[in-house]
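Colleague: I'd like to go over a predicted model; first the sequence, then the structure.
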Amino acid sequence: MVESTGALSVGEVAKRSGVAVSTLHFYETKGLISSWRNQGNQRRYDRKVLRRIAVIRIAQSAGIPLNEIKSHLDTLPNTPISVKEWRELSSEWHAILTERIEALITLRDRMEGCIGCGCLSLTDCPLRNPDDVLAKDGAGPHLLSSEQK
Ligand code: FES
């Protein structure tokens, strides 16, 4: 039941957001959402938490780590997340996703050479030496010594 203040109980937030109560508590321990206690010592949430949870869920489904989500949300004022703020957040996260997708495509392409190979060679396998990092040391026997470091 909604209190006259408009504050929501944890059960109401769970129902309206589609997120389990345990997840809400987890978000709270991570500082992603906040609540207060009423006179009966029951947890209460402001309605603005619903938009915040929606943003958290979307970001999580996109693979954005919770600490990154938190650092982005921490830059916002303590008001309901506006359409403009969501546009900015989603734009930033879109760019992060694009970067990760491109890195995964590069990794996938490099892995093609490993299929059916099995050498795991520091010199020949692009996944063991992705940027040819040993080349900067010049030619010579530094392969063995670098593996022992
Ligand atoms: S395992 Fe041989 S190229 Fe990667």
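Modeller: That came in fine, so what should we check first?
Colleague: so how many other residues sit close to the closest residue to I53 other than its chain neighbours?
Modeller: In space, and not counting its chain neighbours, I53 is closest to S17: 4.4 Å by CB to CB, 6 or more residues apart in numbering. Where you see a C-beta, it was placed from the backbone N, CA and C, and this is true even at glycine. A count of nearby residues for S17, using other CB atoms under 10 Å, gives 21.
Colleague: residues touching S17, list them.
Modeller: Applying CB atoms under 8 Å, 6 or more residues apart in numbering, we find S17 in contact with 24, 49-50, 53-54, 57.
Colleague: what is the nearest of these to N41?
Modeller: Of all the contacts of S17, N41 sits closest to L24, with 17.0 Å by CB to CB.
Colleague: distance of that closest one relative to the ligand?
Modeller: 45 Å (CB to the nearest ligand atom, to the nearest Å).
Colleague: out of the contacts of S17, the closest to L107 would be?
Modeller: For the contacts of S17, the nearest to L107 is R57 (27.3 Å; CB to CB).
Colleague: residues making contact with the helix or strand containing that closest one?
Modeller: Using DSSP states H and E, R57 sits within helix 49-61. By CB under 8 Å, 6+ apart, the residues outside helix 49-61 that reach it are 8, 13, 16-19, 24, 27, 32-35, 66, 68-69, 72-73, 80-81, 86, 89-90, 93.
Colleague: which ones among these are found in helices?
Modeller: Among the contacts of helix 49-61, DSSP state H puts 13, 16-17, 24, 27, 66, 68-69, 72-73, 86, 89-90, 93 in helices.
Colleague: please check those residues and keep the buried ones.
Modeller: Neighbour-count burial (16 or more other CB atoms under 10 Å) applied to those gives 13, 17, 24, 27, 69, 72-73, 89, 93.
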